[in-house]
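[1] this is a predicted model, with the sequence first.
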Amino acid sequence: MAEAARGIAAQPKCLVCSQPADKRCGTCKSAFYCSGAHQKQHWGSHKATCKTTKPTIVLVSLSKLGYLDTMYARFFEPLRTKATLSEALSPDTAISAISLPSVAAVIVTDAGIAERKNRRVVDQLVQYALTGGTVIFGMHFANFIRAEDGERMWRDVWGLPWSTGSMRRTAFALNRQSTLVLERPKKCVEGLSASYQMKALHIGGIRQEEGVYVASIAEYEEGEEEEGVAPMMNFDEVPVAFGRYGEGFVGYMGDTVAEPQSAIALLAMCGF
Ligand SMILES: [Zn+2]
Ligand SMILES: [Zn+2]
């Protein structure tokens, strides 16, 4: 699927003809075009800057704890190889950072987002996702979100029936019918692990295609899986979710200890 139109504050314009642009360079994500033809035409002059321009990932950290960076270093390091990380510690900086056209994705890193005083940031994130952006909740969000706060924000502002579930370590398998696998470019998803273990805060209330990694029901119920029969998957709660939201996507990464396989999933959600 082609990259959708995006950017509400700064409506991107085609670098060739200045018409509204709804396509952009898949590598640097910073050069916008009205059409594939104009992108091709511009490649000769864009090539050099493309190599040196990294897209931006905005980290919305409204109640940041100092040890976020060390605790989630295994997430941040691979993200830094693909993007410039721009950290927003206040509602004002978050709102202006999200509005820039070169933003590839926004990661909400903690539970501060669900505080009522930060509602205008949530409104901006909803708009950003509706118009083609990607918003992912994870890291300390999964460690610290209070169930009622997260559920209220998802329900009242996002219109999502997501709920928070259990915190536990379990083995999960990749759902090959998931939106992440089917709708992100092949190069993003080919590195995803088929299965691994993680300790995660689960979320529920998802549609099946939103479940990226899913445990078998036997993982939960002392069950004996029958040989040769595909295990029944438990979609009641999942550790990693990613779904369509308007023209864009909303994701959730519940891994609380930053397994390397989760870092790959996070990169794929961001479009890398
Ligand atoms: Zn054009
Ligand atoms: Zn480029």
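    Ah, there it is. Ligands and ions are numbered 1, 2, ... in the order given.
[2] interface residues of the stretch 1-150 of the chain facing ligand 1?
    Taking Cβ under 5 Å from the ion, the part of the stretch 1-150 of the chain that reaches ligand 1 is made up of 14, 16, 17, 34, 38. For glycine as for every other residue, the C-beta is placed from the backbone atoms N, C-alpha and C.
[3] go with 8 Å
    The stretch 1-150 of the chain comes close to ligand 1 at residues 14, 15, 16, 17, 18, 19, 21, 33, 34, 35, 37, 38, as judged by Cβ under 8 Å from the ion.
[4] burial of the residue in the stretch 151-272 of the chain positioned nearest to ligand 1, as a residue count?
    Of all residues in the stretch 151-272 of the chain, the one sitting closest to ligand 1 is residue 247 (19.8 Å; Cβ to the ion). Residues near residue 247, counting by other Cβ atoms under 10 Å, number 15.
[5] what does the pLDDT read for it?
    Here, the pLDDT recorded for residue 247 equals 94.
[6] tell me the phi and psi of it?
    When read as degrees, to the nearest 10, the backbone of residue 247 gives phi -80, psi -10.
[7] wait, doesn't it sit right on residue 128?
    No - the criterion here is Cβ atoms under 8 Å, and residue 247 misses it with residue 128 at 10.2 Å.
[8] could you give me the average pLDDT of stretch 49-58?
    Stretch 49-58 comes out at a mean pLDDT of 89.
[9] same deal with stretch 175-194?
    95.
[10] need the distance between the two termini of it.
    End-to-end span of stretch 175-194 (Cα to Cα, to the nearest Å): 9 Å.
[11] so what touches that stretch?
    If you take Cβ atoms under 8 Å, 6 or more residues apart in numbering as the criterion, stretch 175-194 is touched by 1, 26, 173-174, 208-214, 233, 242-244, 249, 251, 261, 264-265, 267-269, 271-272.
[12] appreciated, that's everything.
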